[in-house]
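S.K.: Here is the input, now give the coordinates:
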Amino acid sequence: MLPEIMEAADLLDDARVDGDKVAGWLAQKGLDQVEVHRVQGPQGHTDFIKARLISPEPGPVLGIVGRLGGIGARPERIGMVSDADGCIVSLACAARLAHMARRGDGLPQGGVIVATHICPNAPTQPHEPTPFMGSPVDMAQMNRMEVDSAMDGILSVDATKGNWVVNQRGFAITSTVKEGWVLRVNERLLELMRFVSGRLPVVLPISTSDITPYGNGVHHVNSIMQPAIATSAPVVGVATTSVVPVAGCATGANQLGDLDEAGRFCLEVAKEFTAGRLSLHDPEEFQRLSELYGSMGHLQGLGGRKG
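M.R.: Here you go, the predicted structure:
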C-alpha cells in the first residue's frame, strides 16, 4: 500500500490542509461514508475525520485510530512532523480498503472504522527524552471523537519514537489492553508482524501508567493507549519506532517504508478480525482474571486519593 502512504503523506504535508480536503481525497478513492467535525479548543482547532467501510454482512468491526497531537507544529516548525505517522497510516488504510473493494476484494463481512484528526498548526509540549506534539483539544475530547461504540476491537497507530525503550526502525505492537487490564501479547498478531515485515516481531513494553488517562500527573510513553480508557473493547497499540529518540515535533522524520509496513499490518489484522478468525484478546482468560481479581476499570478514570 505504498502508493496510498505516499499520497496521504503528500496530502497532509500542507499548511492549508483540513478535514474537508482529506474527505474529498477519500471520496475520490470511493469512500462515501466520511464524517468531518471541526472542534475548537483553547489553542486552536482541529478537524476530526471518520471513515466507515461496512459490509452488508454482519461481523466484527475493527477500529483503526490514527493517534497524534498534530500533523504540523506551525509556525514553530515548517512542514509535516514525525507525529503525523498515525494519521498517514490510518488514512492510507481507508484508501487501500476502498481500492481493494473496487478490485473485488472487499471485506466479506463486518467492517472497519478509521478515525483520526487533521491539525497542521498544533502546539508542542515538553517531554523526556524528546518534546511531544500537543493538541488544540484535550484527550477526553479526542477519545469522544475517535473511539466509536461500534468498534469491537481497536488498533491505535501512533508515532512512538521519543523514548529509550524501543531502538529498532519499523513498527512494534503492545500488549492488548482491555478495561484496565494489560493482557498478554497476542501471538497471532506477532505472526502477522513476521509475515508483513519479514523480520522478528518487536513489542513495545507498556506500564500501568501508560493505560491511565492523560492529566493525572504520571508519565506516559505517549498517547498510544489513550483510546483504551474510553472503551470496553480490546485495544492494541501499533507504534512506529526508530533506533534513536526522535521528537514528535521533528520534521523530515516520517519513514514512508516503515509506515507502509505498519499499514499493511493493519490491513492484515482487519481481514482476519472482520472474518472472525482473529480476536485481539482471549475472552475466557479475561473473564478468569476478572473473576479472580475483580475489575480494573478504575484505571480508566483519573483516580483519587485515599486517606
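S.K.: C-alpha from now on. contacts and neighbour counts both.
M.R.: Fine.
S.K.: Tell me which residues touch the residue nearest to residue 116 when sequence neighbours are not counted, please.
M.R.: Excluding the flanking residues, the one nearest residue 116 by C-alpha to C-alpha, 6 or more residues apart in numbering is residue 66, at 4.7 Å. If you count contacts by C-alpha atoms under 8 Å, 6 or more residues apart in numbering, residue 66 has them with 85-91, 114-117, 156-158.
S.K.: 7 Å instead, please
M.R.: By C-alpha atoms under 7 Å, 6 or more residues apart in numbering, residue 66 lies in contact with 86, 87, 89, 90, 115, 116, 156, 157, 158.
S.K.: Provide the partner residues of the last one in its beta bridges.
M.R.: If I follow you right, that is residue 158. Legend: beta-bridge partners of residue 158 under DSSP bridges are residue 239.
S.K.: So which residues of the stretch 201-307 of the chain form strands?
M.R.: 235-241 (DSSP state E, counting those that start in this stretch).
S.K.: Please, which helix or strand holds residue 32?
M.R.: Assessed by DSSP states H and E, residue 32 sits outside every helix and strand.
S.K.: what about it, how many residues close to it?
M.R.: The local packing of residue 32 (other C-alpha atoms under 10 Å) involves 15 other residues.
S.K.: and it, backbone torsions?
M.R.: The phi/psi pair for residue 32 (degrees, to the nearest 10) reads phi -110, psi 0.
S.K.: circling back to that earlier point, show me the beta-bridge partners of the residue nearest to residue 116.
M.R.: residue 157.
S.K.: so what pLDDT did it get?
M.R.: pLDDT recorded at residue 66 is 98.
S.K.: try residue 304
M.R.: pLDDT, residue 304: 63.
S.K.: Looks like residue 262 contacts residue 171 (just checking).
M.R.: Yes: between residue 262 and residue 171 there is a contact under C-alpha atoms under 7 Å: 6.1 Å.
S.K.: quick one: contacts for residue 40?
M.R.: Counting by C-alpha under 7 Å, 6+ apart, residue 40 makes contact with residue 46.
S.K.: And residue 197, by the same measure?
M.R.: residue 261.
S.K.: Could you double-check that residue 172 sits in contact with residue 242?
M.R.: No: the pair residue 172 / residue 242 is not scored as a contact, 10.1 Å apart, by C-alpha under 7 Å.
S.K.: in the protein, what spans have low per-residue confidence?
M.R.: 304-307 (pLDDT under 70).
S.K.: what about 80?
M.R.: 127-128, 130-132, 303-307 (pLDDT under 80).
S.K.: returning to what we had before: how near is the residue nearest to residue 116 to residue 150?
M.R.: The span separating residue 66 from residue 150 equals 17 Å under the rule C-alpha to C-alpha, to the nearest Å.
S.K.: ok, now residue 173?
M.R.: When distance is defined by C-alpha to C-alpha, residue 173 is 23 Å away from residue 150.
S.K.: out of the two, which sits in the busier spot?
M.R.: residue 173 (24 against 14).
S.K.: got the contact list for that one?
M.R.: Counted by C-alpha under 7 Å, 6+ apart, residue 173 has contacts 202, 203, 204, 236, 237, 238, 239.
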